[in-house]
Structures are given as C-alpha cells and as structure tokens.
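**Q** Kindly return the folded structure for what I paste below:
(one chain, ligands or ions: 2)
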Amino acid sequence: MTSPIVVEDLVKVYAGRVRAVDGVSFSVNDGELFGFLGPNGAGKTTTVQMLTGNLRMTGGRATVAGLDVRTAPLAVKERIGLVFQESTSDPDLTGRENLQLAAALFRVPLASTKATVNSLLERMQIGDAADRLVKTYSGGMRRRLELGVGIIHSPQILFLDEPTLGLDPQGRAGFWRYVQELRKDRGMTVFVTTHYLDEADSMCDRLAIIDHGKIVATGTPSELKDRLGGDIVTVRPTNRTGPEVETLLGNLPTVVSVSPLDGTYRVKAPRGEELIPTLVEACTRAGIGLAGVSLKRPSLDEVFLEFTGREYREDEGLTATDRAVRIGQVQQAFGRARR
Ligand SMILES: Nc1ncnc2c1ncn2[C@@H]1O[C@H](COP(=O)(O)OP(=O)(O)O)[C@@H](O)[C@H]1O
Ligand SMILES: [Mg+2]
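**A** Ligands and ions are numbered 1, 2, ... in the order given. As a prediction, this is how the structure comes out:
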C-alpha cells in the first residue's frame, strides 16, 4: 500500500510575497501519528490547508489517501477528517446538534446517524452535556466534540491542526486519550501540528520540525534527540567572555562542542554531570567567575536550537494581523468544506 500522505517539494506563496511553505517534503506511514512541530508562523496551518484541499498549492505535489490533492481535492476531503486550529463548532447549537449537522454534511446515512452520534457523544465523554448549548462547554469538551465532528464519516486519515491550543494540561491529556483510542480501534493515520514540544515528544511516532516554511529535521523524537550527541551544560561566566573561554571549555575532556549564545556557552558532552566538576575547577583556575552552570538532557527544544540556531519559544504571541489572517482563512476553508 502507498503511504497515506506523500508530500514533495510543497510550496505556498501568499499574495505573491509571503513564502509561507518553502519546499516541504515528507511522507507519513500507514497508522502512524506524525507530528509537524514548529513555532507560530512556521507554516503548519498553511501546510494542513493545502493537504486537505482547502488551499491551493503554489508548487509541488501531494497525495493523500493515494489521491492527488491538486486534481482531486473533493475526493480527498471525503476520505479525511480535519480538526481546525480554531474552534469550529456552533456555540448556539447543542453538542448533539453539531454532530447531527456534521453527519448530514458528510452524508452519513440517515439510518445510522443516530447511533453514530450517540456513540461519539459517549466516547468523547460529553454524553451528559449532549443536549446543552456548546457555548456552555469547557474548552476541553469543545475540542473533544470537534474531534467527534472530524471523524463522523469514519475517515482513515485524520488531520489535527494545533488541536490542544489553549487547553489546560488536563484538557490536553483528555484530548490525546481519545485520539489514541481512535488510533487503536480504527488504525487511523494521524497528522497533527503542534507548537508544544512536550506533546510532540510524548505523542508522536515521528516528527518533522518546521521553521520559516522549511523542514529542518525529521525523525522519531528519540532519533532527533540522539542526534544532539549528548547532554548540554550551559555555562554563564560573570567576568569574561570571548575566544579564550570558548577554547578553555572546548579543551576539557569529553567535550564535543562549544557554542556561544547570549552571553552563555553551551557545552555539549555525553555525560554532562561528570563534566561539571572538572569544568568548574578549570574555570576557577583560569580566573573565570561563574554566575551559573546548568545541565540539560537533550530535549526537543535543544533539537530546535541545534537545527535553527534560535531558541524555541512556545509562548510567542500572534500579532493582530496574524490572527485576522488566520481566522479569515479558517472561515473560508470551513465554508468551502460545508458546501
Ligand atoms: N492568508 C494569508 N495571507 C498572507 N500571509 C499569510 C496568510 N496565512 C498565513 N500567512 C503567513 O504565512 C506564514 C505561515 O502561517 P501559518 O501557516 O498560519 O503558520 P503556523 O500555522 O505554523 O502558525 C506566517 O508568516 C503567516 O503570517
Ligand atoms: Mg497554525
């Protein structure tokens, strides 16, 4: 069987200027939970929108469920589920009504609609609130409902665009529990975007890290971390910085590399905790005062820093323009999906 999602050299240029997706290639294996991790504005939503037939690609090729997205966007839409980054359930309808509406839109046979809706309500644990207006739901309940809407037509491939954005840790854990259950029961392939590092690390079988429209690294979370080649000891000198500090640190035993960053030095070594005593002693001997030394096991934010040269910030805010652009984009896309 061909891979459920194959993307080659995908490009999106908005309004002839903004190169939001800049030559992205990857493929997702059958049944895999594939993560697209990147900071705000990296190009995640743009990629999802192109792959789900909601946005025209400027260049490249993509097949989803074996279909060419460019030539058969409607057939693609019928075979996939999609949960948008922004909330798309109607707050003035009940949870049950939202699901019934989705069932009608996706042409779920009338005879099985009732049973399908009931089982989804139960599965997503919103049974008790099924007949309450969605505007009374918590964020987590609303996202679970939207997950139910996304899979009402039993798609084999599910796209989730930052599905847990803004949820508290409990809401996030709850949401992921249902995604995992669905994968187990239905063998669904899931493509998820997130800017949460911990989520990408713990949930995804494989990841692509995207920054400024380009994939900077692909692999399983542990492959990516292993590529860093060890722990990271960050040294913050009080009085001296410069090449001699870098050389001194670089010459210590077991040190793999040293890179300066904002007045600190990031020293890579296989066993960081064993390096620290030697490092402190060497600095003291050389008259280098230390404001702090910290040890970090490899994690995905280190991976991001390694491949982009920038620190990863999860909380980077969206500008008002970004928000407006995005909300417009989603409304348009959802309008199209409903037609
Ligand atoms: N409709 C649009 N018109 C112009 N620029 C856009 C539009 N949508 C998104 N962008 C820009 O494209 C880039 C990628 O956006 P997006 O795909 O939404 O990123 P992410 O989902 O990773 O946060 C950003 O610079 C964003 O401002
Ligand atoms: Mg987005």
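**Q** most centrally placed residue in this protein?
**A** residue 194 (2.1 Å; C-alpha atoms, centre = their mean).
**Q** Could you check which helix or strand contains residue 30?
**A** Assignment of secondary structure by DSSP states H and E places residue 30 within no helix or strand.
**Q** and what of residue 274?
**A** helix 272-285.
**Q** contact partners of that helix?
**A** Helix 272-285 is contacted by residues 230-233, 235, 237, 248-249, 252-255, 267, 269, 289-290, 293, 295-297 when judged by C-beta atoms under 8 Å, 6 or more residues apart in numbering. Just so you know, the C-beta spots here come from the backbone N, C-alpha and C atoms, and that holds for glycine as well.
**Q** quick one: which of those sit in strands?
**A** 231, 232, 233, 235, 237, 267, 269, 290, 293, 295, 296 (DSSP state E).
**Q** which of those count as buried?
**A** Buried members of these, scored by 16 or more other C-beta atoms under 10 Å, are 231, 232, 233, 235, 237, 267, 269, 293.
**Q** now, which of those sits nearest ligand 2?
**A** Using C-beta to the ion, residue 232 comes nearest to ligand 2 of these, at 28.8 Å.
**Q** Enumerate every residue touching the closest one.
**A** 266, 267, 268, 272, 295, 296, 298, 302 are the contacts of residue 232 under C-beta under 8 Å, 6+ apart.
**Q** Closest to ligand 2 out of those residues?
**A** When the contacts of residue 232 are compared against ligand 2 (criterion: C-beta to the ion), the nearest one is residue 302, at 23.3 Å.
**Q** Looking at that closest one now. What's its pLDDT?
**A** With respect to pLDDT, residue 302 has a value of 88.
**Q** Over to residue 9?
**A** 98.
**Q** So residue 82 lies in a helix, does it not?
**A** No - according to DSSP: H, G, I helix; E, B strand; the rest coil, residue 82 belongs to no helix; its state is strand.
**Q** Now for residue 214, how many residues are close by?
**A** By other C-beta atoms under 10 Å, 16 other residues sit near residue 214.
**Q** That one and ligand 1, how far apart?
**A** In this view, residue 214 and ligand 1 are 12 Å apart by C-beta to the nearest ligand atom, to the nearest Å.
**Q** and that residue, what is it in contact with?
**A** Going by C-beta under 8 Å, 6+ apart, residue 214 touches 22, 23, 24.
**Q** what does residue 94 give?
**A** Counting by C-beta under 8 Å, 6+ apart, residue 94 has contacts 130, 131, 132, 133, 134.
**Q** surely the second one meets residue 99?
**A** No - proximity of residue 131 to residue 99 does not meet the contact threshold set by C-beta atoms under 8 Å, at 11.5 Å.
**Q** Pick out whichever of the two has more residues nearby.
**A** residue 99 (26 against 11).
**Q** which parts of stretch 200-208 are buried?
**A** For stretch 200-208, by 16+ other C-beta under 10 Å, it's 200, 201, 203, 204, 206, 207, 208.
**Q** how about it, does it get close to ligand 1?
**A** No - using C-beta under 6 Å from any ligand atom, stretch 200-208 stays clear of ligand 1, with a minimum separation of 12.1 Å.
**Q** right, and residue 257 touches residue 268 too?
**A** Yes - using C-beta under 8 Å, residue 257 is in contact with residue 268, at 4.8 Å.
**Q** higher neighbour count, these two?
**A** Neighbours were counted for residue 257 and for residue 268 using other C-beta under 10 Å; residue 268 has more, 21 against 15.
**Q** pretty sure the more buried one is touching residue 231, no?
**A** Yes - with contact taken as C-beta under 8 Å, residue 268 and residue 231 are classed as touching, separated by 7.3 Å.
**Q** still on that earlier bit, and for the residue nearest to the centre of the chain, nearest residue in space, chain neighbours not counted?
**A** Closest residue to residue 194 apart from its sequence neighbours, by C-beta to C-beta, 6 or more residues apart in numbering: residue 200 at 5.5 Å.
**Q** in this protein, which spans are helices?
**A** Assigned by DSSP state H, the chain shows helices spanning 44-51, 73-79, 95-105, 110-123, 139-150, 169-186, 197-203, 221-226, 243-250, 272-285, 300-308, 320-338.
**Q** Look through the chain and state the residue closest to ligand 2.
**A** residue 45 (3.2 Å).
**Q** any idea how far that residue lies from residue 209?
**A** 16 Å (C-beta to C-beta, to the nearest Å).
**Q** Repeat that for residue 53.
**A** From residue 53 to residue 209 the distance is 25 Å (C-beta to C-beta).
**Q** how long is stretch 8-23 from one end to the other?
**A** 8 Å (C-alpha to C-alpha, to the nearest Å).
**Q** is ligand 2 contacted by it?
**A** No - Stretch 8-23 stays clear of ligand 2 (C-beta under 5 Å from the ion), getting no nearer than 10.2 Å.
**Q** Residues touching that stretch, excluding its own?
**A** The contact list for stretch 8-23, computed with C-beta under 8 Å, 6+ apart, reads 24-25, 43, 46-47, 50, 55, 57-62, 212-214.
**Q** sorry, back to before: for residue 92, state which of the contacts of residue 232 is nearest.
**A** Nearest to residue 92 among those: residue 302, at 45.5 Å, using C-beta to C-beta.
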